[in-house]
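**Student:** Structural data only, the sequence is not supplied:
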C-alpha cells in the first residue's frame, strides 16, 4: 500500500472508525452540531473550479495495481487534541499497527496545528516531525522506545475559571510506555440510591428504589462544539448544565486521581419510549464551586448491543435493561479536596440530535450502577514537552484569507450557523449559510503577493542564520477569474423523518454561473 520510498508518516487528527469517531455519529447518535456543518464545507469546496494542470487519468494508477494491497508497513506517528474531535482513535490505532512502529501524542489543542493551536501549551510541531523522520528514515528501531514512549499525553489540571474560550490549560506532559496498559486498572464509584445521591467506593445492597432522569430542552446548551477551532466554542463552566441534569456527587476527595484513558459507565435503566439516548458527563468541581468538564459520552440506546443493523433494537418500554458504554478518552488530574460530579441526561442538543419524542429514563437500584475511572497501574511517567523548540517564523495569521502561494489563488470563507428547536425538541433544526470566494490572481498581483510574503517572513524571523531565498514561479497562461460559491443548507426532523434542503449559487466574475436547490427526506432508522 505504501510506496517504497515512504518511510515515515505524521498523521494529525485522523481516525480509523468513520462511524464511531467522526463528525457524523457518536455512540450511534447523530451529531447535530457537526453532521451538516462538515457536509456544507465539502458541498461548497466541491463546487470550486479545478486547476486542469493538476489532473491526470486515475485509471493509470488503478490498472497498475491488479491485486489487493499489502497492509501498510510505514512508520506512523498519530497526533490528536483534547479539544478537537479526533483523539479517541490515537491509542486504538497504535494498538492496531502490528506491522510497523507507531507512536502518538495527544495535546490540549483544538483543530489546528500543534505549534499554534489553542488551548496551549503549544509544541514545536516541525521539531516533532523532524525527530520522527530521523528515526523512521534511518530505521532506528533500537532507540525508538527511548526517544518515543507509545503515547505522550498532556494531563490537564483544574481551570481556575472555566470559560467558553481557554487560551492555555494548566497541566503536565506524561508518557505511557506501553499503550496496552491503558484501561487495565480502574477506580470504581457506585451511584447511591439515596442520602444525597452520592458517588461512593462501595456498592450498596439491591433495593426497589428508582431515580428518574428527566428531560429538559436546555440540556446540552452549554456543551460547546464537538470540533473546537480555539474560539469561544468550548464547554465552559458546567454549573448550569449540572443544575438541569440528574447527578451523583462524591464528597471532597482525600487524594489526587490521575485519570488516563476511556472511562466506563454501566447503569440499569428503563425508558418511557422505544427510541432514546443517554448522555453521561463527569466534571471536576473545585472548592470555589466552579465546574470543569472532564469528559462525556453518549449512547443511542437502540445501539446498546452494537452499531450493525442486525444488532439494533428499540428499548423495551418500562423494562429495566443493563446498559454499558465508554466515555471519550481523557487525561486529567482530579485533585484532593475537589468533588467529582456525574451528570446523566436523556437529551444533549445541539451537539446530539434529539430523540423523536421527549423521553424519561429511570435508573433502577435493583442492580449496581457504576462509573469506572481508568488509571495507569504504575501511574504516568513524566516527560518533557512533547517536542519543545522555538517557533522559527511568525507571520500574520489573522488576514481572514488563505493564499495558495504557488498557484496564485486567494480563498476567503465565511459561515453562519444557527440552532433552533421547540420546548419539547420535537422539531430541531440546524441552518448554515456559507460563502466561499476563490480568486485566481493576475501574474502581476501574484508576483506582488509573493514579494510581500517573502518580506513578511524576513521581518518576522527570530533565527539569525535562517536563509530565505526568493523563487519565481512560472505560471500557466490562465486568465484571472473570481468564483464565489454561496450555499444555504438546513437539516431538520420530526418524529419519523429528516428533512434536508440545500441551495447553491455559483458566481463567475460576479455573474450567476450556476444555481440549484436540492431537497431530500430520509426516514429515521433507530435514531
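**Tutor:** Thanks, I have the structure now. In this text, all values refer to a predicted model and were calculated from it rather than measured experimentally.

**Student:** Can you mark which positions in stretch 167-187 are buried?
**Tutor:** 169, 171-176, 179, 181-183, 186-187 (16 or more other CB atoms under 10 Å). Using the backbone N, CA and C atoms, a C-beta is placed for each residue, glycine as well.

**Student:** I'd like the average pLDDT over that stretch.
**Tutor:** On average, the pLDDT along stretch 167-187 is 94.

**Student:** ok, now stretch 245-259?
**Tutor:** Averaged across stretch 245-259, the pLDDT comes to 97.

**Student:** Touching, residue 114 and residue 120? I think so.
**Tutor:** No: using CB atoms under 8 Å as the test, residue 114 is too far from residue 120 to be in contact (9.5 Å).

**Student:** So for these two, which sits in the more crowded spot?
**Tutor:** The neighbour count for residue 114 versus residue 120, taken as other CB atoms under 10 Å, is higher for residue 114 (23 against 18).

**Student:** where's the more buried one relative to residue 82, distance?
**Tutor:** The gap separating residue 114 from residue 82 is 12 Å, by CB to CB, to the nearest Å.

**Student:** Touching both of the two, which residues are there?
**Tutor:** Common neighbours of residue 114 and residue 82 (criterion: CB atoms under 8 Å, 6 or more residues apart in numbering): residue 107.

**Student:** How are the strands of the stretch 301-450 of the chain distributed by residue range?
**Tutor:** According to DSSP state E, counting those that start in this stretch, the stretch 301-450 of the chain carries its strands in the segments 321-326, 330-334, 339-345, 361-364, 370-375, 381-382, 401-404, 409-420, 429-440.

**Student:** low-scoring pLDDT stretches of the chain, where are they?
**Tutor:** Applying pLDDT under 70 to the chain picks out residues 1-2, 51-54, 69-72, 143, 145-147, 384-411, 440-480.

**Student:** and the residue nearest the centre of it, backbone torsions?
**Tutor:** What sits nearest the mean C-alpha location of the chain, by CA atoms, centre = their mean, is residue 85, with 0.2 Å. Residue 85 adopts backbone torsions of phi -90, psi -10, taken as degrees, to the nearest 10.

**Student:** wouldn't it be in contact with residue 226 here?
**Tutor:** Yes: counting by CB under 8 Å, residue 85 does reach residue 226; the two are 5.1 Å apart.

**Student:** Overlap of the contact sets of those two?
**Tutor:** What both residue 85 and residue 226 touch, as defined by CB under 8 Å, 6+ apart, is the set 23, 34.

**Student:** part of a helix, is residue 180?
**Tutor:** Yes: assessed with DSSP: H, G, I helix; E, B strand; the rest coil, residue 180 lies in a helix.

**Student:** Please tell me I have it right and it contacts residue 95.
**Tutor:** Yes: between residue 180 and residue 95 there is a contact at 6.9 Å, judged by CB under 8 Å.

**Student:** Look at the nearest residue to residue 75 once chain neighbours are set aside and say how many residues are nearby.
**Tutor:** Closest residue to residue 75 apart from its sequence neighbours, by CB to CB, 6 or more residues apart in numbering: residue 136 at 3.8 Å. A count of neighbours around residue 136, defined by other CB under 10 Å, yields 22.

**Student:** Run the chain-centre distance for the host helix or strand of residue 136.
**Tutor:** Assigned by DSSP states H and E, residue 136 falls within helix 125-137. Distance of helix 125-137 from its chain centroid, counting by CA atoms, centre = their mean, to the nearest Å, is 25 Å.

**Student:** same for it, what does it pack against?
**Tutor:** Packing partners of helix 125-137 (3 or more CB pairs under 8 Å, 6 or more residues apart in numbering; DSSP states H and E): strand 8-12, strand 75-81, helix 144-147.

**Student:** Quick check: buried residues in it?
**Tutor:** Per 16+ other CB under 10 Å, helix 125-137 contains these buried residues: 125, 126, 127, 128, 131, 132, 133, 135, 136.

**Student:** Let me have these in TSV, extended by distance to residue 347.
**Tutor:** Putting the buried residues of helix 125-137 into TSV (distance: CB to CB, whole Å) gives the following:
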residue	distance to residue 347
125	38
126	44
127	44
128	40
131	45
132	43
133	47
135	48
136	47
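
**Student:** Go through the residues you listed and name the one nearest residue 290.
**Tutor:** Residue 290 has its nearest neighbour among the buried residues of helix 125-137 in residue 125, at 31.5 Å by CB to CB.
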